[in-house]
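Novice: Build me a model from this:
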Amino acid sequence: MAKKYFGTDGIRGKVGEYPITADFMLKLGWATGRVFAKEGSGFVLVGKDTRISGYMFESALEAGLSAAGVDTRMLGPMPTPGIAYLTRTLRAKAGIVISASHNPYYDNGIKFFSVNGTKLPDELEHQIEQYIDAPMTTVESAKLGKVKRVSDAAGRYIEFCKATVPPHLDFKGMRIVIDCAHGATYHIAPHVFSEVGAEVVTIGGEPDGLNINDECGATHPEALAAKVWEYRADLGIALDGDGDRIIMVDHKGEIVDGDELIYIIAKSRQEEGKLQGPVVGTLMSNLGMEHALKTLGIPLFRANVGDRYVMELLTEKNGMLGGEGSGHIICLDKTTTGDGIVSALQVLAEMQRTGKSLHELKSGMKKYPQVLINIRTDKKVKLDEIDGIKKAVDSVEKKLGDKGRVLLRSSGTEPLVRVMVEGVDEEDVNKYANQLANDVRKAIAS
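Specialist: Model prediction:
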């Protein structure tokens, strides 16, 4: 059954526009409380990233949960994977994340984690939606939920991250530039990497509620590349606003994306005899990664775009490593969800194990030219219902033949249509991507 409010990654949109409003969040908190109150006593964790609307929404959620008779533990600014970890280790009924991840400050959203630190099953999301559409009631005063703050949340998560690499590894002498995107990792990531011995230079670490992801972080790694070159660093790490994505930069200032990082981690696990099952990518994963993994004898399976679908396929195929080129990497042998800091530590550990630079480690994979063009729309569109789009796609696919591929899809989190063209020849890829994007724009507008 289709969901009314939940998308592929929770509920997300522009602040002030339904459902990303204070009154909806009050109702969402109450609905969540009603669902989890059925399971007896306990509490729900609530954390957020650094965007200004987080203050408003955490208060609304807190009030709704209290009205349903459920206790709340507030985390304050905390990376999404940190909230997943604390939900699991503190034995919370659920974890609520107030974040729009890599989106601008004027967007926000809600994501949920189960007691196992994984996304909520569809059944529970459907139950929450049923209560959202029901009249709101309040338990008697003696049964109202209470609220406390978890004072040591950051320290707990920092120690967890450090424990995902062997304690004998020493990163002394390694200079790293970290871009925290003015987001939820600003008070976490610098401590993690300095405490494992690296010399850390931090940028994007001064959130003001409005500058999250603003020309910085994993969505804009060019700023990091310039700083890596300026400081003559060994590498750079760019996180996104909620810390579940990572893009890296090698010592030459070259950007290393999620596909290349997955390849490095997969090769490392294989050489250590620790790789289990296939690697899972998405429909957007670069063909070069598939070919590089094939050379190593590692199969790649492609899921629909979105970490939920990557996780589902990993579970189905009994795999332990997967992710997206955008930098959302899941290392199930270390944690339960995508984690930018943990993923970066795995790459650093491989550098120390092999004595190779990041530039050398990525050299085993040759990326195919890939162009992604985002077409903003007034609302989400159903591509298969628009005349002319299939014909435009077929035309480009025919020109590429067996030397490339085309992917056209609507974003699950934003009002965008994504046009991707990939192939051997960069000039052709650019030409066909722009041609297809123009055809799609015309078709949508007509």
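
Novice: Flag the shaky bits of this protein, pLDDT-wise.
Specialist: Counting by pLDDT under 70, the chain has low-confidence residues at 413.

Novice: Would you verify that residue 227 is located in a helix?
Specialist: Yes - secondary structure assignment (DSSP: H, G, I helix; E, B strand; the rest coil) places residue 227 inside a helix.

Novice: I'd assumed residue 237 was in contact with it.
Specialist: No - under the criterion of C-beta atoms under 8 Å, residue 227 makes no contact with residue 237, lying 11.0 Å away. Glycine gets a C-beta too; all of them are placed from N, C-alpha and C.

Novice: Those two - which one has more neighbours?
Specialist: For the pair residue 227 and residue 237, the greater number of neighbours falls to residue 237 (31 against 19), based on other C-beta atoms under 10 Å.

Novice: How about the more buried one: which residues does it bridge to?
Specialist: Beta bridges link residue 237 to residue 178, residue 248 when assigned by DSSP bridges.

Novice: thought it was touching residue 246?
Specialist: Yes - when contacts are counted by C-beta under 8 Å, residue 237 is listed as touching residue 246 (6.4 Å).

Novice: Next SSE downstream of the helix or strand in which residue 194 is found?
Specialist: Residue 194 belongs to helix 189-195 when assigned by DSSP states H and E. On the C-terminal side of helix 189-195, the closest following helix or strand by DSSP H and E is strand 199-203.

Novice: tell me which element residue 400 is part of?
Specialist: For residue 400, the host element (DSSP H and E) is helix 389-400.

Novice: tell me which strands and helices that helix is in contact with?
Specialist: Using 3 or more C-beta pairs under 8 Å, 6 or more residues apart in numbering; DSSP states H and E as the contact criterion, the neighbours of helix 389-400 among helices and strands are strand 404-410, strand 416-423, helix 426-445.

Novice: Give me the buried positions along it.
Specialist: Applying a neighbour-count criterion of 16 or more other C-beta atoms under 10 Å, the buried positions in helix 389-400 are 389, 392-393, 396, 400.

Novice: okay, these in a markdown table with distance to residue 199 next?
Specialist: Listed next are the buried residues of helix 389-400 as a markdown table, based on distance: C-beta to C-beta, whole Å:
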| residue | distance to residue 199 |
| --- | --- |
| 389 | 51 |
| 392 | 51 |
| 393 | 49 |
| 396 | 47 |
| 400 | 46 |
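
Novice: Need the max-distance pair from these.
Specialist: In terms of C-beta to C-beta, those reach their longest pairwise distance at 389 and 400, which sit 16.9 Å apart.

Novice: and residue 404, what does it touch?
Specialist: For residue 404, the contact set (C-beta atoms under 8 Å, 6 or more residues apart in numbering) comprises 368, 421-424, 428-429, 432.

Novice: got any residues that touch both of residue 227 and residue 237?
Specialist: Both residue 227 and residue 237 are contacted by 177, 179, under the criterion C-beta under 8 Å, 6+ apart.

Novice: need the helices and strands packed on helix 389-400 in JSON lines with distance to residue 333, can you?
Specialist: Written out in JSON lines, the entries for the helices and strands packed on helix 389-400 read as follows (distance: least, C-beta to C-beta, whole Å):
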{"stretch": "strand 404-410", "distance to residue 333": "29"}
{"stretch": "strand 416-423", "distance to residue 333": "30"}
{"stretch": "helix 426-445", "distance to residue 333": "35"}
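
Novice: out of those, deepest packed?
Specialist: Mean neighbour counts were taken over these using mean count of other C-beta atoms under 10 Å, and the top value, a mean of 23, falls to strand 416-423.

Novice: what helices or strands is that strand leaning on?
Specialist: Using 3+ C-beta pairs under 8 Å, 6+ apart as the contact criterion, the elements in contact with strand 416-423 are strand 370-376, helix 389-400, strand 404-410, helix 426-445.

Novice: if we go to 7 Å?
Specialist: Helices and strands in packing contact with strand 416-423 are listed as strand 370-376, strand 404-410, helix 426-445; criterion 3 or more C-beta pairs under 7 Å, 6 or more residues apart in numbering; DSSP states H and E.

Novice: which neighbours do residue 237 and residue 246 share?
Specialist: Contact criterion C-beta atoms under 7 Å, 6 or more residues apart in numbering; residues bridging residue 237 and residue 246 by contacting each: residue 344.

Novice: Can you list the residue ranges for helices in the protein?
Specialist: Assigned by DSSP state H, the chain shows helices spanning 22-37, 53-67, 80-89, 122-132, 153-162, 189-195, 222-231, 258-271, 287-295, 307-317, 340-354, 358-362, 389-400, 426-445.

Novice: And these: which comes nearest residue 9?
Specialist: Evaluated over the helices of the chain, closeness to residue 9 peaks at helix 307-317, with 6.8 Å, by C-beta to C-beta.

Novice: can you list the residues that contact the closest one?
Specialist: Contacts of helix 307-317 (C-beta under 7 Å, 6+ apart): 8-9, 119, 277-278, 280, 282, 301, 303, 322-324, 328, 330, 332, 338.

Novice: ok, and the most crowded of the residues you listed?
Specialist: residue 322 (30 neighbours).

Novice: coming back round to it: now tabulate the helices and strands packed on strand 416-423 in a markdown table and tack on distance to residue 252.
Specialist: Shown next, in a markdown table, are the helices and strands packed on strand 416-423 (distance: least, C-beta to C-beta, whole Å):
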| stretch | distance to residue 252 |
| --- | --- |
| strand 370-376 | 21 |
| strand 404-410 | 27 |
| helix 426-445 | 20 |
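
Novice: closest one to residue 223 among the helices and strands packed on helix 389-400?
Specialist: Residue 223 lies closest to strand 416-423 among the helices and strands packed on helix 389-400, at 22.8 Å (C-beta to C-beta).

Novice: Any idea how far that closest one is from the middle of the chain?
Specialist: Offset of strand 416-423 from its chain centre (C-alpha atoms, centre = their mean, to the nearest Å): 20 Å.

Novice: Pull up the pairing partners for it, direction included.
Specialist: Pairing partners of strand 416-423, with direction, according to DSSP bridges: strand 370-376 (antiparallel), strand 404-410 (antiparallel).

Novice: closest one to residue 115 among those?
Specialist: Proximity of the strands paired with strand 416-423 to residue 115 was assessed by C-beta to C-beta; the nearest stretch is strand 404-410, lying at 32.3 Å.

Novice: Restrict that closest one to CA atoms and write it as CSV.
Specialist: Written as CSV, here are the backbone C-alpha positions of strand 404-410 (Å, rounded to 0.1, in the frame of the first residue of the first chain):
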residue,chain,number,x,y,z
GLY,A,404,27.2,3.6,-22.6
ARG,A,405,23.9,3.8,-20.8
VAL,A,406,21.1,6.3,-19.9
LEU,A,407,19.1,6.6,-16.7
LEU,A,408,16.2,9.0,-16.2
ARG,A,409,14.4,9.1,-12.8
SER,A,410,12.5,11.4,-10.5
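
Novice: buried set for stretch 118-130?
Specialist: Neighbour-count burial for stretch 118-130 flags 118-120, 124-129 (criterion: 16+ other C-beta under 10 Å).

Novice: returning to what we had before: for the helix holding residue 194, name the packing helices and strands.
Specialist: Secondary structure elements in contact with helix 189-195, counted by 3+ C-beta pairs under 7 Å, 6+ apart, are helix 153-162, strand 175-179, strand 199-203.
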